[in-house]
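Colleague: Here is a sequence together with a model predicted from it:
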Amino acid sequence: SSKYKGINIMNVYTVLEYLKIDIANNFGIDKQSFEERIHWFNREVEPYISSESTDDYLWDIIPEIAPDEPELFYAGLLAYRDTLAGKPTGYRISLDAVCSGVQCLAALTLDEPALKDTGLIGSERGDIYSSIYRDMCKAMGKDTSDAHVKDMRDKAKKSIVPMMYGSRRAPERYFPDEVERSAFLIAADNRMKSCLILRNVLMNAVDKEATQYQWVMPDRHTVITPVIVRNWYETTLVNGFSFKWSIYERGKSNWYIKNAANVIHSLDGFIMREMVRRCSYNTRLVYDTYNLLLGVKTVEGGVSDDFLKAKFLMEQSGFIPTNIISVINTTEEVNQLSKEVKDKLIARLYLMLKYKPFEVLVIHDCFTSNAKYGNYLRYWYKEIMAEIAESNMLHFLCRQLPNNPVTEKSVNQEAKKRVAKLIRESEYGLS
């Protein structure tokens, strides 16, 4: 690998190296560094594969290697062989966000320990589940090599995800022992304190009269989440026999915790849309808007309502969504933008035009593309997370919910810039 001395420093890898990383991921060592995964492939797989290897031969060596995902591992081997032979493959590597829910909460709240444990600060491949598990072992005076204790990492993972979205039962279910549960809760609080504070804020964002909650994202997508409650009814038949039955319907609820999950999932979806826009872009639209922003060409036509709405959401959130270029169609609209916004958009579009648009398929927090675009996937993911950290996204989202204590001053402005810089210098937002 080599260092990219562009706007942000990060390790970059070749097509064959990304295929090696992908194959290693499907073997089951995705928590190791990229270099360690590449070295593993070179040592354990490369001696057995060449551009001449047959499909049957590659399938037959899989039982000996024993990967976690044999079918995906095999598909990766076929793609690696064909790439060696200079044949197009159509194969997509997969890069996963490291616990995307915690990443979103941490980027909003500038929770530095949680950002480090999810790969968005530093050059190490973080794993918050293992970090919490090690803290638990240390607190309980247990050896991390103990077989029973190793099981606690899986329990920690199964507890953290639902707990992060408001579940109180998950820690009780997976840690019935009070000592273990206490150690888990203390470790989780130490590792992602600000994340859990925001979770509590979102859990308490309740209007007892609401039958739905609604908020707008910076890219003009509107999120609508109906309040669904279980209602019981009783039916009596003609023979006098009666029975009770229930149905889930829209209603009101005094205790509604789903905003914790729904708000973070809506941000997750927003990140996915931004990733697709920056990678799989419309060349003509980007080129025309780039020239319009530079003032190379002039277009008359006034200012549209769609532009004003997009500009308002951009200013309120402090985030410049890439799809704003679809409503910047005239010189008058360009003149309504601040110099800072224009400069940032010009820089973004300039970088996008450096490569041809490529297709990105997203499965939740897993981003897939041709191996030759792996560097762009990693670059844009951490750039988007840095832009969220330095934006006003936290206040923008929370102010649209009831019972909101968050203000613009809840997060320090200087801390935003500092944390955003650290995220831009990170290596493992995607792994």
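Modeller: Arrived safely.
Colleague: Give the buried residues for the helix or strand where Glu414 lies.
Modeller: Per DSSP states H and E, Glu414 falls inside helix 413-424. The neighbour-count check on helix 413-424 (16 or more other CB atoms under 10 Å) flags 416, 419-420, 422-424 as buried. All C-beta atoms are positioned from the backbone trio N, CA, C, and that covers glycine.
Colleague: now do stretch 391-404
Modeller: So, applying 16+ other CB under 10 Å, buried residues of stretch 391-404: 391-398, 400-401.
Colleague: now swap in stretch 225-235 and tell me
Modeller: 225, 227.
Colleague: so for it, what's the average pLDDT?
Modeller: For stretch 225-235, mean pLDDT rounds to 95.
Colleague: send the alpha carbons of the helix or strand containing Asp22 over as PDB?
Modeller: Of the helices and strands defined by DSSP H and E, Asp22 is found in helix 15-27. What follows is helix 15-27, C-alpha atoms only, in PDB (Å, rounded to 0.1, in the frame of the first residue of the first chain):
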ATOM      1  CA  VAL A  15      -7.400  -3.900  -7.200                       C
ATOM      2  CA  LEU A  16      -5.700  -7.200  -6.300                       C
ATOM      3  CA  GLU A  17      -5.100  -6.000  -2.800                       C
ATOM      4  CA  TYR A  18      -8.800  -5.100  -2.300                       C
ATOM      5  CA  LEU A  19      -9.700  -8.600  -3.600                       C
ATOM      6  CA  LYS A  20      -7.300 -10.100  -1.100                       C
ATOM      7  CA  ILE A  21      -8.900  -8.000   1.700                       C
ATOM      8  CA  ASP A  22     -12.400  -9.100   0.600                       C
ATOM      9  CA  ILE A  23     -11.400 -12.800   0.500                       C
ATOM     10  CA  ALA A  24      -9.800 -12.500   3.900                       C
ATOM     11  CA  ASN A  25     -13.000 -10.800   5.200                       C
ATOM     12  CA  ASN A  26     -15.000 -13.800   4.000                       C
ATOM     13  CA  PHE A  27     -12.500 -16.100   5.600                       C
END
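Colleague: Now the very next helix or strand once past it: average pLDDT?
Modeller: Using DSSP H and E, the next helix or strand after helix 15-27 towards the C-terminus is helix 34-44. For helix 34-44, the mean per-residue pLDDT is 97.
Colleague: returning to that earlier point: which strands and helices sit next to the helix holding Asp22?
Modeller: Helix 15-27 is packed against helix 34-44, helix 70-84, strand 93-96, with contacts defined by 3 or more CB pairs under 8 Å, 6 or more residues apart in numbering; DSSP states H and E.
Colleague: Counting by contacts, list what the first one packs against.
Modeller: Packing contacts for helix 34-44, counted by 3+ CB pairs under 8 Å, 6+ apart, involve helix 15-27.
Colleague: same thing with the longest one?
Modeller: If you count contacts as 3+ CB pairs under 8 Å, 6+ apart, helix 70-84 packs onto helix 15-27, helix 55-60, helix 62-65.
Colleague: Between those, which one is closest to Asp365.
Modeller: helix 15-27 (14.1 Å; CB to CB).
Colleague: Off-centre distance for the helix or strand that Lys344 is a member of?
Modeller: In this structure, Lys344 sits in helix 339-352 according to DSSP H and E. Here helix 339-352 is found 23 Å from its chain centre; the criterion is CA atoms, centre = their mean, to the nearest Å.
Colleague: Going by neighbour count, which residues of that helix are buried?
Modeller: Neighbour counts using 16+ other CB under 10 Å place 341-342, 345, 348-349, 351-352 of helix 339-352 among the buried residues.
Colleague: give the contact list for Tyr376.
Modeller: Contact analysis of Tyr376 by CB atoms under 8 Å, 6 or more residues apart in numbering lists 279, 355, 358, 369.
Colleague: Just the pLDDT at the nearest residue to the last one once chain neighbours are set aside, thanks.
Modeller: This means Ser369. Spatially, and ignoring its direct neighbours in sequence, Ser369 is nearest to Val360 (5.1 Å; CB to CB, 6 or more residues apart in numbering). Val360 is assigned a pLDDT of 97 by the prediction.
Colleague: residues near Val360, how many?
Modeller: Val360 sits with 21 neighbouring residues when counted by other CB atoms under 10 Å.
Colleague: per-residue confidence averaged over stretch 374-393?
Modeller: 97.
Colleague: can you give me how far that stretch is from the chain middle?
Modeller: 10 Å.
Colleague: In contact with Ser317: list those residues for me.
Modeller: By CB under 8 Å, 6+ apart, the neighbours of Ser317 are 218, 391-393, 396.
Colleague: could those residues go into TSV alongside secondary structure and distance to Thr298?
Modeller: Formatted as TSV, the contacts of Ser317 follow (DSSP: H, G, I helix; E, B strand; the rest coil; distance: CB to CB, whole Å):
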residue	secondary structure	distance to Thr298
Pro218	coil	28
Ser391	coil	31
Asn392	coil	32
Met393	helix	34
Phe396	helix	33
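Colleague: returning to what we had before: closest one to Glu300 among the helices and strands packed on helix 70-84?
Modeller: Per CB to CB, nearest to Glu300 of the helices and strands packed on helix 70-84: helix 15-27, 46.0 Å.
Colleague: which residues are contacting the closest one?
Modeller: 1, 13, 30, 32, 34, 37-38, 40-42, 45, 65, 67-69, 72-73, 76-77, 79-80, 83-84, 91, 93-94, 96, 371-372, 374, 431.
Colleague: What of stretch 395-412?
Modeller: Contacts for stretch 395-412 (CB under 8 Å, 6+ apart): 108-110, 201-202, 204-207, 210, 213-216, 218, 259, 263, 266-267, 316-319, 392, 394.
Colleague: Now a ChimeraX select for only the buried ones of the residues you listed.
Modeller: To isolate the buried ones among these in ChimeraX, judged by 16+ other CB under 10 Å, type:
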select :108,109,110,201,202,204,205,206,210,213,215,216,218,259,263,266,267,316,317,318,319,392,394
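Colleague: In helices, which of the contacts of stretch 395-412 fall?
Modeller: 108-109, 201-202, 259, 263, 266-267, 316-317, 394 (DSSP state H).
Colleague: My guess is Lys252 contacts Lys208. True?
Modeller: Yes: under the criterion of CB atoms under 8 Å, Lys252 makes contact with Lys208 at 6.4 Å.
Colleague: still on that earlier bit, tell me which of the buried residues of stretch 391-404 is nearest to Leu237?
Modeller: Nearest to Leu237 among those, with distances taken as CB to CB, is Leu401, at 44.9 Å.
Colleague: before we move on, what SS does that closest one have?
Modeller: Here Leu401 is recorded as coil under DSSP: H, G, I helix; E, B strand; the rest coil.
Colleague: Same check on the one 5 residues further on?
Modeller: Under the three-state scheme (three-state DSSP), the conformation of Val406 reads as coil.
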